[in-house]
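# could you look at this predicted model? Sequence included:
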Amino acid sequence: MGIEINEEALKQAADDMAALRDRNDQLKTKLENMYSDLLTALNTPAGDTLRLCGLDVVIGPIEDMGLVIDHVSTTLNKIIGQGGEPTGTYYDKLFDDYEELDHILRNKTTQ
């Protein structure tokens, strides 16, 4: 019994995360521009109140999502060997420990 990693699926997931990061950045820019346009259009006390709410309330969740996307993307790139580690080294210790445990369990059941 062994564990196998689908390298192609991990590569596709890393590519998809990179595309998601780009779309998230585009969304952030679009929301910043819309917020700016709204404040310009609302040159009134209501606009001033909206300005006090702050751009961070509007953009903060998008920035937070960007941090999560970056973390997942970095981890995927490490796993597939694009994060400075050679391919296949990320899970080597886990697989070695699994193989050792599997060997121990098989020997115990045959005794």
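Received it, and whenever you're ready, just let me know what you need.
# what about whichever strand or helix holds Asp96, average pLDDT?
According to DSSP states H and E, Asp96 maps onto helix 92-110. For helix 92-110, the mean per-residue pLDDT is 81.
# stretch 4-16 now?
On average, stretch 4-16 scores 85.
# report the buried residues of it.
For stretch 4-16, the neighbour count (16 or more other Cβ atoms under 10 Å) marks 10-11, 13-14 as buried. C-beta: built from backbone N, CA, C; applies to glycine.
# stretch 15-24 now?
Buried, per 16+ other Cβ under 10 Å, within stretch 15-24: 17, 21, 24.
# re earlier: which of the buried residues of stretch 4-16 fall in helices?
Those of the buried residues of stretch 4-16 mapping onto helices are 10-11, 13-14, per DSSP state H.
# tell me what the strand or helix carrying Leu67 is packed against?
According to DSSP H and E, Leu67 maps onto helix 55-79. Under the contact criterion of 3 or more Cβ pairs under 8 Å, 6 or more residues apart in numbering; DSSP states H and E, helix 55-79 touches helix 7-41.
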